[in-house]
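Engineer: here is the input, now give the coordinates:
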Amino acid sequence: MRRFATAAVQGAPVRFILVGIIGFVVDAAVLHVLVTGTGARPMAGRVGSFVCASFVTWRLNRRYTFAGRSIGSGSISEWLRYLWASGVGAVVNYSVFAALVLTLPIVAGTPTLGVAAGSLVGMIVNFTLYKVLVFHSRG
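Structural biologist: Numbers count the residues shown, from 1 in each chain. This is a model prediction of the structure:
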């Protein structure tokens, strides 16, 4: 059993990235629908799209990335911890992006570089927080 758990954790980063891609698609799609379909402003719509994407990634991460490490079955406290951790990752992501855009002319001219750097750092923060605070082992 221990060998299976170790193998599952080793593949977790790849599954985490794939789940993140799905989360991005959900986030972008919901934001598009909210802005174009309901007339919501982008900043307000982003709150709704973030919550939707976080819910989808929580369900996928608990099923595939951190399978067997989840405490309870769909508990509200786990969802709230996941949402909190996602928010921390989002703040880190945006902070890295903003710092690079404001301090490096090359990033200011090509903001996609800042998005990439922020996403990478945010992804590392999220994976760590999810592993330690959300989907931790029982023993």
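
Engineer: after the helix or strand containing G48 comes which helix or strand?
Structural biologist: G48 is part of helix 42-60 when elements are defined by DSSP states H and E. Where DSSP H and E defines the elements, the next helix or strand beyond helix 42-60 is helix 76-103.

Engineer: tell me what that following helix is packed against?
Structural biologist: If contacts are counted by 3 or more Cβ pairs under 8 Å, 6 or more residues apart in numbering; DSSP states H and E, helix 76-103 sits against helix 42-60, helix 105-109, helix 111-129. The C-beta positions use only the backbone N, C-alpha and C, and glycine is treated the same way.

Engineer: between those helices, which one is nearest to S95?
Structural biologist: helix 111-129 (7.6 Å; Cβ to Cβ).

Engineer: so what does that closest one touch, helix or strand wise?
Structural biologist: helix 12-38, helix 76-103, helix 105-109.

Engineer: looking at the ones you listed, which is closest to V51?
Structural biologist: helix 76-103 (7.4 Å).

Engineer: which of the residues in the closest one are buried?
Structural biologist: For helix 76-103, a neighbour-count test (16 or more other Cβ atoms under 10 Å) marks 78-79, 81-82, 85-86, 89-90, 92-93, 96-97, 100-101 as buried.

Engineer: what does stretch 105-121 give?
Structural biologist: Under 16+ other Cβ under 10 Å, the buried positions of stretch 105-121 are 107, 113-115, 117-119, 121.

Engineer: for L34, state which of those is nearest.
Structural biologist: V115 (20.8 Å).

Engineer: how close does the closest residue to that closest one other than its chain neighbours get to G48?
Structural biologist: Spatial nearest neighbour of V115, excluding adjacent residues (Cβ to Cβ, 6 or more residues apart in numbering): F97 at 6.0 Å. With the distance defined as Cβ to Cβ, to the nearest Å, F97 ends up 21 Å from G48.
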